[in-house]
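>>> Sequence and predicted structure are below.
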Amino acid sequence: MHEFVNELARPIGTYLCGRRMYDTRVFWETAGLADDDPEVTRDFGSLWRAADKVVFSKTLMSVTTARTRTERDFDPGYIRRLMHSGDAELSVGGAELAGPLAAGLV
């Protein structure tokens with residue numbers, strides 16, 4: 001199952017997350033770095049670390065992961081620009097973020 005998820009994640013270039021989803025996924029910043037970690041864990045950890053992350057939060061003051069920035073306000077125009085700016089796919093994570101995205105962009 002994890003290999004299947006890794007294949008789905010492979011084309012993702014940017015993760016768009018709400019704060020709670022980001023807090024859950026921070027685990028992947030260091031997961032899979034040990035030689036004795038399973039290959040699927042090392043693979044997904046590598047995919048996560050290689051991708052950009054945007055966290056939409058009014059309360060998060062700093063991030064602890066590389067290639068990550070915060071956005072205080074949800075701006076559909078910003079998301080549209082991200083969608084059209086590159087070849088990589090976007091991933092949306094978090095119930096509070098997915099609703100506005102689906103309503104305005106999908």
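Alright, I've got the coordinates.

>>> show me the contacts for the residue nearest to Glu96 when sequence neighbours are not counted.
With sequence-adjacent residues excluded and distances taken as Cβ to Cβ, 6 or more residues apart in numbering, Glu96 is closest to Gly18, at 5.0 Å. Yep, even glycine has a C-beta here, placed from its N, CA and C like the rest. By Cβ atoms under 8 Å, 6 or more residues apart in numbering, the contact list for Gly18 reads 55-57, 93-97.

>>> Name whatever forms a beta bridge with Gly18.
Note on Gly18: beta-bridge partners Phe56, judged by DSSP bridges.

>>> Now do the contacts for the residue lying closest to Val55 once chain neighbours are set aside.
Distances taken as Cβ to Cβ, 6+ apart place Tyr22 nearest to Val55, at 4.4 Å, with adjacent residues excluded. Counting by Cβ under 8 Å, 6+ apart, Tyr22 touches 53, 55, 57, 60, 63, 68, 93-94.

>>> go on, Glu39?
Glu39 touches nothing, counting by Cβ under 8 Å, 6+ apart.
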